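J.: Dropping the sequence and predicted coords here.
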Amino acid sequence: MTRLKNQKAIPLNCMAASKTSAQALQAENQKLHREIEALKQQLKKLEHDNRESNEGIQMLFNDLYKKHQKLQVIDKLKSDFISTVSHELKTPLTMIKAGISQVHDGVLGDVTQDQKEALDGVLEGVNRLTHIVSEVLDISKLEGGKVRLKKQTVHASELIEKVLKPSALKANVKSVRVMMDTAVGPDQTLVCDPGKIIQVLTNLVDNAIKFTPKDGRVTVGARTDAKNFEFYVQDTGIGIDKQDISKLFVKFQQFERAEPLGHQHGTGLGLAICKEIIELHGGKIWAESELNHGAAFHFTIPQ
Amino acid sequence: MAKKILIADDEPFILKMVTARLQKEGFEVVTAQDGQSVLDLTRQQNPDLILLDIMMPKLDGYKVCRLLKFDKQFSHIPVVMCTARDMDEDSQLGFQTGADEYVTKPFEMEELVKVIHDTIEKSKSNSA
């Protein structure tokens, strides 16, 4: 019985069900409409926000562009300033040097030994001043990205000889032996800006001589592997304290205990200039040392 | 016969000192203090070498050098640029305008004399 009753009930239930499902659909439809409306509103808001943020970005961009232009003007001013100062400092230096060497060399008449010695002192002072001016200008040019390398293929042994010749005089005065590592072959070549690498090596060798006592030794060498060409300058001098090694290549850093007696203080720019030059070549420069056990400076140039 | 050098520098004292040194070396010397005079004196005196400062009134050294090197009558005369400007681009510009050598101030007198001798030698062997 129940079965039959149930069977009859089906169409009724069906109608009721379709009625409710129509209502439900409508409700669903309305709900979807509301959601669509809400989404439309959201879209509108997003579009608005987007426009606003675009405007914001545009404003930020304009602002940055203006600042960029301003910086370019300032950078140009800085370059012009360096160039002008260079000229302004070097012209009077040239006048002093030209005048004194004329008197010193006897071009303008005879000079006594005493006068010559006095002029030697003046000339040394002018040379030192010239060196300081060049170092200050060098570091500004390097840091300002004003230096372009003139790369060519050169023989390592020739580079080292060019450095050792003028350094030998300074070394002789101190009875320090300066030499090239015999392992440097005559056919070892590398690609670099030779003038700049000579500048770096000269600086390292001069430093080595300065910090190496009488009867010591300074060795300049080179080696090469698949990727890099490496130079090194090794001395038997007083060495460097471990804690000072990291500060060596920072400009204006000088270590009071390290300056030997009778030596003038430099600008503290020499090694900072070396670092800039080597990094411009894409290489690395570092020092290895222990107090009282000499020092070795190495640098690489990628090939 | 003594070689004739035309020296151009706007600083009279430098002119005087370099002149004294070069005369002592046996050169004949003519001097100029601005770019226009360099051109005039080159025409009148036909020097064997020009020592040219860059920063000069009227015409700067680059312009003078370019004008001389463009003129067939004077392009054979070697030019040594001599200046306190030493930015890397400067020396490149110097060579682009046709300068034969480039010496930066402050120079050693001996070095300057050597460069002058060498440059005259080189230009002689080039034209020979």
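T.: That came through fine.

J.: name the element the closest residue to A:Val163 other than its chain neighbours belongs to?
T.: Among residues not flanking A:Val163 along the chain, A:Leu201 sits closest, at 4.3 Å (C-beta to C-beta, 6 or more residues apart in numbering or on different chains). From N, CA and C alone the C-beta is placed, and that goes for glycine too. Using DSSP states H and E, A:Leu201 sits within helix A:194-210.

J.: so what does that helix touch, helix or strand wise?
T.: Packing partners of helix A:194-210 (3 or more C-beta pairs under 8 Å, 6 or more residues apart in numbering or on different chains; DSSP states H and E): helix A:156-174, strand A:217-224, strand A:228-235, helix A:270-280, strand A:295-302.

J.: Hmm, A:Asp105 and A:Lys116 touching each other?
T.: No: under the criterion of C-beta atoms under 8 Å, A:Lys116 is not in contact with A:Asp105, lying 9.3 Å apart.

J.: quick check: domain ranges of chain A?
T.: A:1-146, A:152-302 (automatic domain parsing).

J.: how far out from the middle of the chain is the last one?
T.: Computed by C-alpha atoms, centre = their mean, to the nearest Å, the chain-centroid distance of domain A:152-302 equals 18 Å.

J.: mind checking how far A:Glu47 is from chain B?
T.: A:Glu47 is 51 Å from chain B, where distance means C-beta to the nearest C-beta, to the nearest Å.

J.: How about stretch B:70-80, which residues are buried there?
T.: With burial defined by 16 or more other C-beta atoms under 10 Å in any protein chain shown, the residues of stretch B:70-80 counted as buried are B:74, B:77-80.

J.: For chain A, state which of those residues is nearest.
T.: Using C-beta to the nearest C-beta, B:Val80 comes nearest to chain A of those, at 14.8 Å.

J.: which SSE is the closest one in?
T.: If you go by DSSP H and E, B:Val80 is part of strand B:79-83.

J.: Can you show me the CA trace of that strand as PDB?
T.: C-alpha atoms of strand B:79-83 as PDB (Å, rounded to 0.1, in the frame of the first residue of the first chain):
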ATOM      1  CA  VAL B  79     102.600  68.700 -33.500                       C
ATOM      2  CA  VAL B  80     103.400  67.900 -29.800                       C
ATOM      3  CA  MET B  81     100.400  68.700 -27.600                       C
ATOM      4  CA  CYS B  82     101.500  69.900 -24.200                       C
ATOM      5  CA  THR B  83      98.800  70.500 -21.600                       C
END
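
J.: which residues in chain B form strands?
T.: Taking DSSP state E as the criterion, chain B contains strands spanning B:4-8, B:28-32, B:49-52, B:79-83, B:101-104.

J.: can you list those in CSV and add distance to A:Ser289 and mean pLDDT?
T.: Output for the strands of chain B, formatted as CSV (distance: least, C-beta to C-beta, whole Å; pLDDT from 0 to 100):
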stretch, distance to A:Ser289, mean pLDDT
strand B:4-8, 50, 96
strand B:28-32, 53, 96
strand B:49-52, 47, 96
strand B:79-83, 41, 88
strand B:101-104, 35, 86
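
J.: can you list the weak-confidence ranges in chain A?
T.: For chain A, the stretches with pLDDT under 70 are A:1-15, A:83, A:254-266.

J.: could you pull out the helices for chain A?
T.: Under the criterion DSSP state H, chain A contains helices at A:2-104, A:113-143, A:156-174, A:194-210, A:242-245, A:270-280.

J.: closest one to A:Val73 among the strands of chain B?
T.: Of all the strands of chain B, the one in closest proximity to A:Val73, counting by C-beta to C-beta, is strand B:79-83 (26.1 Å).

J.: Identify the bridge partners of the closest residue in space to B:Leu22 that isn't next to it in sequence.
T.: Nearest residue to B:Leu22, sequence neighbours excluded (C-beta to C-beta, 6+ apart): B:Val29, at 5.2 Å. When bridges are called by DSSP bridges, B:Val29 pairs up with B:Ile5.

J.: Enumerate every residue touching B:Val29.
T.: For B:Val29, the contacting residues are B:4-7, B:19, B:22-23, by C-beta atoms under 8 Å, 6 or more residues apart in numbering or on different chains.

J.: swap the cut-off to 6 Å and go again
T.: Contacts for B:Val29 (C-beta atoms under 6 Å, 6 or more residues apart in numbering or on different chains) come out as B:5, B:19, B:22-23.

J.: what's the neighbour count on B:Ala99?
T.: 25 (other C-beta atoms under 10 Å in any protein chain shown).
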